[in-house]
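>>> Predicted model and sequence follow; I will ask about them next.
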Amino acid sequence: MKTTTAHKATSATHARPATLEDERTGMSREVFKRAFLDNLHYLQGQSQKGASRYDYYMALAYTIRDRLMLRWIRSQEKYYEEDAKRVYYLSAEFLMGRATSNNILNVELDQVVGPAMAELGLNLDDLLDTEPDAGLGNGGLGRLAACFLDSMAALALPACGYGIRYEFGIFEQEIRDGVQLEHPDQWLKYGNPWEIARPERCRQVHFGGSTGWEKDEKGQTRKRWFWSRTVQGLPYDTPIDGYANDNSNNLRLWCARSTQDFDLDEFNRGDYIQAIEEKALAENISKVLYPNDNSAQGRELRLKQQYFFVSCSLQDIVARYFKTHKTIDLFPERVAIQMNDTHPSIAVAELMRLFIDEHDLPWDQAWDITVKTLAYTNHTLLSEALETWPVDLLGSLLPRHLEIIYEINARFLEQVRSRWPGDEARVARMSIIGEGPRVVRMAWLATIGSHSINGVAALHTQLLKDNLFRDFYQMWPERFNNKTNGVTPRRWLHLANPGLSQEITRRLGNSTWPLHLDLLKKLEPLAEDRKFRAQLRAIKLANKQRLARVIEQETGVEVDPYSMFDVQVKRLHEYKRQHLNVLHVLARYLRLTRQPNLDVVPRTFIFAGKAAPGYALAKLIIQFVTATAELVNNDYNIAGRYRVVFLPNYRVSLAEKIFPASDLSEQISTAGKEASGTGNMKFSMNGALTIGTLDGANIEIRDAVGAPNFFLFGLRAEQVESLKREGFDPMEAVRQNKDLAAVIDLIGSGALSPDNPNLFRPLLDNLLGSDPYLVLRDFESYLECQEEVDRVYRDEEEWTRRVAINIANMGPFSSDRTVREYARDIWNVHPVPVNLDS
């Protein structure tokens, strides 16, 4: 065996010894095996006899990573050589999932790695399952960011993602006795082979203190920030490889650490806790994704997190710009910064601080550059999700930024008063500072400080213009635009559903469709082909059998893969209305108990998702699901015709098994509440039909696939708003529907929780008292629509015909399309292809 790992590294752009080329970059099976064993020996320090599955996994990851390095290095060199404009994507979440299988696909090693491992007596699937999910996100926001990084690399756009390297990601969920328990997500427990630490590129982030006037070296009096605490940001870089090209972009995540890890004087005095206190306080900043903010300390930590990663990132971006430019003049022509939702919105004030305080720019020039550089994506219409910070809190942590925000606000309100003289009500509505109590409205700051504000689905964007940002839209209509979300077809179809992927390639006679998803449209005529429909059913059955094994392994519940898999998997929230789904399940169950011989379509109702630790009602809804599962699954009188399962610890790798196996996609949020949704796209792409409201991207999916191929129910957004204004009686819906009344009686009787009959009283009080998300009002329409689902499902040919039409019309929902629109309309960024052969 060649000991090539001992060779001295050489520049990526210079000639390399042939043996090093072969071992580090060779793509043949024999070379890959040799490199794998080299890494097992020299990096893991193990022989084949002594190696654990973890050792084998790490050796595999390093061997694949070796084949990314040249692309990664050469891409960065190329971007500098071209002086290309780059996109910097700031996001508090990056829900990346597992990297190994995705990188195997992107580097085109999918025909090499499996056979190579088999020849070494190893099972590739076992090794891939060893990798923990990188759970650095809570749901759609973080997964969208991951899809965008994938698409930017696939489209050869120069880009870099910036976020936080949380030591513990989204919590690991356990369901014990029906209750969600949260455990630390120790995704870094055994290290992460895909990242590279860059300690020489640390950034200093400051907090607290006060501001004052000080003379600079030129004798000019300037405002300065005299901070009281400093934290270091240590960057970790991960390559994001493009599919079927030689481009590789970067994801840079920041880890917080103390500038002084250890106080030796305190230690020598015997105060061992105080000796490491500074280290612990600093490291808390990047410890946990979304600390519970029900306490003052939790809110302070969240603000620290957001400022920490924004400051590190902006310092990094500015420093990178000045590597190749002597003046600030070209900054907006070389830098585009996208704020993914409101979490990074402190970037407006921080970029101004860097320009004014650190680079001595006059206010007007700094503001002009800031606005031309920054863009803001809004992801929510829910007022509680639009972050605000108490003025006192922001002033104590970031006093200089509060001053800058006040100045931004004062200058902005002058413009408002000039445009609408005497309209002080409008001035109050548009002020960044909200009164009673005094808070900084971060979405307002992001809107005022950005040249582009976009929603993420057509309805969502329209509601932003009509309601949430109406005043701002009236002032700057040219700044507002829509960019409907998308998902990467590489992970969510090509990788997650290999059976369907192979069939698509065979039918199209073209393997490039993962980069050109519009090619799926050519499949639409095959919806009338009985053989194609039969093949789709066979693929779906195999996927359902695979998921059935996972369900039994995770929950102990046996499910019938020939039953309809009716699936709702997403973050737990009242507006997503998992409880509406459960009410429907109970209505079906009660019908069957009354009429045991009723001819029903067997269904397996599958739920998964996490509730925020401090969200009591969402956690109660999980108990509602699990209690219903306990009741239904143990009633032998219904002979297993219905099964209910809650899959614990929903994550990307589990989702990759769920979407391909689903028959019915539940997208049942209250109309006007879901910004877009991306799960709806993943389901349809994998051949599930949708039951849903006219909410978020559901509308565009329905338009794309055709109304007959989408099961529509419920109130429209304008009807929801009308009911909210006029008021309604939730009990009226109960009185008018016997099925609903029976379900409410069942819950109220305590039958779902005999040991605690009042367990679900808060849920009933919420529904019967105010029903804020119109669950009861939409119940009857939902139940009727579900009966139509049954009718169509009984006709397997008709169902599969509709499935084929859904798949064929998913082209517009690729994140490649979305990213192209951002690049064209917002960023003005162009592809910079990298070619290693040139």
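Happy to help now that I have it.

>>> could you dump the helix or strand harbouring residue 474 to PDB, C-alpha only?
Assessed by DSSP states H and E, residue 474 sits inside helix 470-475. What follows is helix 470-475, C-alpha atoms only, in PDB (Å, rounded to 0.1, in the frame of the first residue of the first chain):
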ATOM      1  CA  ARG A 470     -48.500  47.900   3.500                       C
ATOM      2  CA  ASP A 471     -47.100  51.300   4.500                       C
ATOM      3  CA  PHE A 472     -43.600  50.400   3.300                       C
ATOM      4  CA  TYR A 473     -45.000  49.000   0.100                       C
ATOM      5  CA  GLN A 474     -46.800  52.200  -0.500                       C
ATOM      6  CA  MET A 475     -43.500  54.100   0.000                       C
END
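
>>> Enumerate the positions of that helix that are buried.
471-473, 475 (16 or more other Cβ atoms under 10 Å). Where you see a C-beta, it was placed from the backbone N, CA and C, and this is true even at glycine.

>>> Quick one: those as CSV, columns for distance to residue 114 too.
Converted to CSV, the buried residues of helix 470-475 look like this (distance: Cβ to Cβ, whole Å):
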residue, distance to residue 114
471, 57
472, 53
473, 53
475, 57
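
>>> returning to that earlier point: tell me which strands and helices the helix holding residue 474 is in contact with?
Counting contacts by 3 or more Cβ pairs under 8 Å, 6 or more residues apart in numbering; DSSP states H and E, helix 470-475 packs against helix 399-419, helix 424-430, helix 442-448.

>>> out of the ones you listed, nearest to residue 168?
Closest of the helices and strands packed on helix 470-475 to residue 168 is helix 442-448, at 24.9 Å (criterion: Cβ to Cβ).

>>> Would you agree residue 578 is in contact with residue 609?
Yes - the pair residue 578 / residue 609 is scored as a contact, 7.3 Å apart, by Cβ atoms under 8 Å.

>>> Could you report the separation of residue 367 from residue 838?
42 Å (Cβ to Cβ, to the nearest Å).

>>> what comes into contact with stretch 225-232?
202-212, 256-259, 282, 285, 308, 353, 357, 399-400 (Cβ atoms under 8 Å, 6 or more residues apart in numbering).

>>> Tell me where the model's unsure across the chain.
1-21, 261-277 (pLDDT under 70).

>>> As a quick check, tell me the outermost residue of it.
Distance from the C-alpha centroid of the chain peaks at residue 219, with 49.0 Å (Cα atoms, centre = their mean).

>>> which residues are in contact with both of residue 578 and residue 609?
Common neighbours of residue 578 and residue 609, counting by Cβ under 8 Å, 6+ apart, are 568, 572.

>>> who has more neighbours, the two?
residue 578 (26 against 23; other Cβ atoms under 10 Å).

>>> Residue 91 against residue 138, yeah?
No - taking contacts as Cβ under 8 Å, residue 91 lies outside contact range of residue 138: 11.6 Å.

>>> More neighbours: the two, which one.
Neighbour totals were compared for residue 91 and residue 138, and residue 91 leads with 28 against 19 (other Cβ under 10 Å).

>>> Please report phi then psi for the residue nearest to that one when sequence neighbours are not counted.
Distances taken as Cβ to Cβ, 6 or more residues apart in numbering place residue 340 nearest to residue 91, at 3.8 Å, with adjacent residues excluded. Main-chain dihedrals, residue 340, degrees, to the nearest 10: phi -90, psi 90.

>>> which residues of the stretch 551-700 of the chain fall in strands?
Secondary structure of the stretch 551-700 of the chain (DSSP state E, counting those that start in this stretch): strands at 564-569, 603-608, 642-647, 664-667, 689-692.

>>> quick one, which of those is packed in tightest?
Stretch with highest mean neighbour count among those: strand 664-667 (a mean of 27; mean count of other Cβ atoms under 10 Å).

>>> what lines up beside it in the sheet?
Note on strand 664-667: by DSSP bridges, its sheet partners are strand 564-569 (parallel), strand 689-692 (parallel).

>>> and the next element down the chain from the helix holding residue 474?
Going down the chain from helix 470-475, the next helix or strand is strand 480-482, by DSSP H and E.

>>> Off-centre distance for that following strand?
21 Å (Cα atoms, centre = their mean, to the nearest Å).

>>> contacting residues around it?
452-458, 460-462, 464-465, 469, 472-473, 825-826.

>>> Strand partners (parallel or antiparallel) of it?
Using DSSP bridges, the strands paired with strand 480-482 are strand 452-455 (parallel).

>>> Distance from the strand it pairs with to the middle of the chain?
Distance of strand 452-455 from its chain centroid, counting by Cα atoms, centre = their mean, is 18 Å.

>>> looking at it, residue 179 is touching residue 619, isn't it?
Yes - when contacts are counted by Cβ under 8 Å, residue 179 is listed as touching residue 619 (7.5 Å).

>>> between the two, who's got more neighbours?
The neighbour count for residue 179 versus residue 619, taken as other Cβ under 10 Å, is higher for residue 619 (19 against 12).

>>> Surely that one and residue 611 touch.
Yes - contact criterion Cβ under 8 Å: residue 619 and residue 611 qualify, at 4.5 Å.
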